[in-house]
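[1] how would this look folded up:
(2 chains)
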Amino acid sequence: MDVVLEAVGLAKSFGAVKAADDLSVKVHAGQIVGIVGPNGSGKTTFLNLVTGYVSPARGRIYYLGQDITGLHPRQVTRLGVARSFQIPQLYTSLTVQENMLLALAIRSGHEGDVWLPLETPSRLDEARPLLEKFGFGDETGLAVSTLPEGGRKLLDVALSFALGPRLLLLDEPTSGVSVADKFRVMDTLIAVIRESGVTSVFVEHDMDVVQRYAERVLVFSEGKIIADDPPRALFADPVVRRYILGEE
Amino acid sequence: MRRALGGAAPWLSALLVSASLPRLLPDWLGFLLTVALAKALVVLGVAVLLRSNLVSFGHGLYFATGAYAVAFAARWLHLREAVLLILVTLLVSGALAAVLGLFLARYRGIFFGMLTLAFSMILYSLLLKLYSLTGGTDGMVIAPPTILGLSPGAQATRAYYYLTLVCLALALIGTRRWLGSPVGFLANAIRDNEIRVEYMGASVRRGIYRTYLLSGLLGGLGGCLVAFTVGHIAPEFSYWTQSGDFVFVTVLGGYASVFAPVVGSVVFELVRNYAYALSPYTWQMSLGVILLFIILFLPRGLWSLLETFRVVSSPWTSSSKR
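    This next block holds a predicted model:
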């Protein structure tokens, strides 16, 4: 299987906190990988390192065999690595549809167009089914600021997905989403991800979510990966259960 | 189709009304209106930047550049044709914005504002000190240019009014298209969330650069048209109080629509004129009070009044309704 993402010996500290400590991992094409671990264990830092938001003190990052260490988030995104955010990062003064159209315009390299409208028929034709996949049927004309948190989360992922990535990184897709909504949100996301076959890595706090949706789980602790297993094997391990789930 | 008509009707009516105004108004008011419309272009330039949350406190820079480009093109290139002078102006102000934009696109907030102010004051001192070239505080006189080869003669006020109106209409159409284009939406996106813009693979700096370029072109065009109309230009065009006026008018009119700066500019010139006539020594105070009221009660400018009363039935710019 192709290796989509490979991190080799990543190190990064914030003061006394080791957010990445000689961290190495390979992610293969088509995998859906969950990352769990306590607060401050370096989960989000890992995503930030891969996308170039922070640079590692040591180590290299390879995407499809290409060294992307030290590249800017924009360049990493252009190569095909998209991410969503724990707190949805959206254009709140624009509508749902406009958010999506802009993502599509940028993906096709048209963000410099000054004369052709953003809303072209072909772009709309692409945006609508995409938004529908993520559960946005009628509310595409609404301003993003009026969406509930679950909707924002989905739109945040939808925008990243619209960029046509080969690797999709999701930072806590269900945080801030109500208990009633979280499985609906994840069902939607995972269905789209499976259908497209895009390689995905998601950071998650919620063990139910990880158990249900991840094919492979990485357990982070103090910037290290202390376990790397399929969820069933992992959650059967009494050490992991005690460490992650806090069971006696 | 109805939607298309709904979009065109306000444009047509605005054009018809403004085209018939010179016949209805006394000459002095026609002159005042011409200056107001020309300055509305500069204000539009400030307004497009404001959509990305960038306040230019130095748009007098382009206002003066446009005006002095006309004067020097007339002196050195012996140009007397308005259309050619406009082209020269656009070239010069565009080039200036292209150079300064490289630098300014790196800055936000107060730093951006102060840097624009600094650049405009540098030009001001140059215009002031290079006496042999610019005439210093005396300024420069601009002979009335011909319009498409025709000399306006005694009809100058009216002729330049129509010239300004045509330029303004073209600029409004162009700017409106710009705002509805990916670049225009990117400007909104940059104001909302720069991180996301970069994480979509677009360059924030390039987006701001493009907006700044448009803004500089509009500013230069405004200065050029005022130079035609007034016939005399001075270093004050680049002085900070002039730039302050442009920001004032932007706040006054609002920036939800491309028409808002026009409304703001016309109201501003009228109010200033009457305030000056009524109280020659305290007219600035009247303006200050008006601005206070606008900020307190109409934070989105005079234009929001129109939106409130639903006079507008169609989207002027596709994101003006929110």
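[2] quick one, phi/psi of the closest residue to residue B:114 other than its chain neighbours?
    Nearest non-adjacent residue to residue B:114, counting by Cβ to Cβ, 6 or more residues apart in numbering or on different chains: residue B:57, 7.1 Å away. Quick note: C-beta positions are derived from backbone N, CA and C, even for glycine. For residue B:57, the backbone dihedrals (degrees, to the nearest 10) come out as phi -90, psi 10.
[3] Ok, residue A:200 next?
    Backbone geometry at residue A:200, expressed as degrees, to the nearest 10, gives phi -130, psi 140.
[4] Residues in a beta bridge with it, which ones?
    Beta-bridge pairing for residue A:200 (DSSP bridges): residue A:32, residue A:168.
[5] Now do the contacts for it.
    Taking Cβ atoms under 8 Å, 6 or more residues apart in numbering or on different chains, we find residue A:200 in contact with A:31, A:32, A:33, A:167, A:168, A:169, A:170, A:193.
[6] Report the mean per-residue pLDDT for the longest helix along chain B.
    When chain B is parsed with DSSP state H, its longest helix is helix B:204-230. For helix B:204-230, mean pLDDT rounds to 97.
[7] next one: stretch B:296-308
    Average pLDDT, stretch B:296-308: 83.
[8] Could you do stretch B:51-59 as well?
    Rounded mean pLDDT across stretch B:51-59 is 94.
[9] Show me how far it is from its chain's centre.
    Computed by Cα atoms, centre = their mean, to the nearest Å, the chain-centroid distance of stretch B:51-59 equals 12 Å.
[10] quick revisit: who does whatever helix or strand comes next after the longest helix of chain B touch, helix- and strand-wise?
    Once the chain leaves helix B:204-230, the next helix or strand it forms, by DSSP states H and E, is strand B:232-233. If you count contacts as 3 or more Cβ pairs under 8 Å, 6 or more residues apart in numbering or on different chains; DSSP states H and E, strand B:232-233 packs onto helix B:60-76, strand B:140-141, helix B:204-230.
[11] Chain A: which of those is closest?
    Nearest to chain A among the helices and strands packed on strand B:232-233 is helix B:204-230; the distance by Cβ to the nearest Cβ comes to 6.9 Å.
[12] Tell me which helix or strand the nearest residue to residue A:89 once chain neighbours are set aside sits in.
    Nearest residue to residue A:89 in three dimensions, chain neighbours excluded: residue B:196, at 4.1 Å (Cβ to Cβ, 6+ apart). In the assignment (DSSP H and E), residue B:196 maps to helix B:194-199.
[13] rewinding a little: which of the contacts of residue A:200 has the most neighbours?
    The member of the contacts of residue A:200 that has the most neighbours, counting by other Cβ atoms under 10 Å in any protein chain shown, is residue A:170 with 28 neighbours.
[14] and the next element down the chain from the host helix or strand of residue B:292?
    Secondary structure from DSSP H and E places residue B:292 in helix B:283-297. Downstream of helix B:283-297, the first helix or strand assigned by DSSP H and E is helix B:303-308.
[15] burial count for residue 12?
    With no chain named, the answer covers chain A. Using other Cβ under 10 Å, residue A:12 has 22 other residues around it.
[16] Chain B, not that one
    Residues lying near residue B:12 (other Cβ under 10 Å) number 10.
[17] From residue B:169, how far off is it?
    Here the distance between residue B:12 and residue B:169 works out to 11 Å (Cβ to Cβ, to the nearest Å).
[18] and the stretch 151-300 of chain B, which of its residues are near chain A?
    With Cβ under 8 Å from any Cβ of the partner chain as the criterion, the stretch 151-300 of chain B meets chain A at residues B:177-178, B:180-186, B:188-189, B:191-193, B:195-196, B:198-203, B:206-207, B:210, B:214.
[19] could you redo the last one with a cut-off of 7 Å?
    Proximity of the stretch 151-300 of chain B to chain A, by Cβ under 7 Å from any Cβ of the partner chain, involves residues B:177-178, B:180-183, B:185-186, B:188-189, B:192-193, B:195-196, B:198-203, B:210.
[20] Just the buried ones from those?
    Buried residues within those, counting neighbours by 16 or more other Cβ atoms under 10 Å in any protein chain shown: B:177-178, B:180-183, B:185-186, B:188-189, B:192-193, B:196, B:198-203, B:210.
[21] before we move on, back to that, wouldn't the residue nearest to residue A:89 be in contact with residue A:92 here?
    No: Residue B:196 is not in contact with residue A:92 according to Cβ atoms under 7 Å; the separation is 10.2 Å.
[22] As a check, name the ranges of all helices in chain B.
    Assigned by DSSP H, chain B shows helices spanning B:2-24, B:27-50, B:60-76, B:82-104, B:109-129, B:131-134, B:156-180, B:182-192, B:194-199, B:204-230, B:240-253, B:260-278, B:283-297, B:303-308.
[23] Likewise for chain A?
    Taking DSSP H to define them, one finds helices in chain A at A:43-50, A:73-79, A:96-107, A:121-133, A:149-162, A:179-196, A:207-213, A:231-236, A:238-240.
[24] Give the buried residues for the third one.
    Within helix A:96-107, the residues scored as buried using 16+ other Cβ under 10 Å are A:96, A:97, A:98, A:99, A:100, A:101, A:102, A:103, A:104, A:105, A:106, A:107.
[25] Get me the contact residues on chain A for chain B.
    A:73-74, A:77-78, A:83, A:89-94, A:98, A:102-103, A:105-106, A:110-118, A:143, A:163.
[26] Got a ChimeraX select line for the buried ones in the residues you listed?
    Remark: buried members of those, expressed as a ChimeraX selection using 16+ other Cβ under 10 Å:
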select /A:73,74,77,78,83,89,90,91,92,93,94,98,102,103,105,106,110,111,112,113,114,117,118,143,163
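[27] Disregarding residues adjacent in the polypeptide, which is nearest to residue A:107?
    Nearest non-adjacent residue to residue A:107 (Cβ to Cβ, 6+ apart): residue A:163, at 5.0 Å.
[28] Surely that neighbour is in contact with residue A:105?
    No: taking contacts as Cβ under 7 Å, residue A:163 lies outside contact range of residue A:105: 11.0 Å.
[29] In chain A, which residue is most central in space?
    A centroid search over chain A (Cα atoms, centre = their mean) returns residue A:170, at 1.7 Å, as the residue closest to the centre.
[30] Leaving out sequence neighbours, find the closest residue to it.
    Leaving aside its sequence neighbours, residue A:170 sits nearest to residue A:202 (Cβ to Cβ, 6+ apart; 3.9 Å).
[31] how near is that neighbour to chain B?
    For residue A:202, the distance to chain B under the criterion Cβ to the nearest Cβ, to the nearest Å works out to 16 Å.
[32] List the contacts of that residue.
    The contact partners of residue A:202, by Cβ atoms under 7 Å, 6 or more residues apart in numbering or on different chains, come to A:34, A:35, A:170, A:173.
[33] Tell me the confidence at it?
    Looking at residue A:202, its pLDDT reads 95.
[34] same question, residue A:248
    pLDDT, residue A:248: 55.
[35] Quick check, residue B:158 in contact with residue B:22.
    Yes: using Cβ under 7 Å, residue B:158 is in contact with residue B:22, at 4.7 Å.
[36] ok, these two, which is more surrounded?
    residue B:22 (21 against 17).
[37] surely that one meets residue B:30?
    Yes: applying Cβ under 7 Å as the test, residue B:22 and residue B:30 come out as touching, 5.0 Å apart.
[38] Need the overlap of contacts for those two.
    B:158, B:161.
[39] Next, the contact list for the nearest residue to residue A:130 once chain neighbours are set aside, please.
    Residue nearest to residue A:130 in three dimensions, not counting chain neighbours: residue A:162, with 5.8 Å by Cβ to Cβ, 6+ apart. Contact analysis of residue A:162 by Cβ under 7 Å, 6+ apart lists A:100, A:103, A:104, A:107, A:130.
[40] now residue A:218
    Residue A:218 touches A:25, A:33, A:35, A:225, A:228, counting by Cβ under 7 Å, 6+ apart.
[41] Now with 8 Å, please.
    Applying Cβ under 8 Å, 6+ apart to residue A:218 gives the contacts A:25, A:33, A:34, A:35, A:36, A:225, A:227, A:228.
[42] Done for today, thanks.
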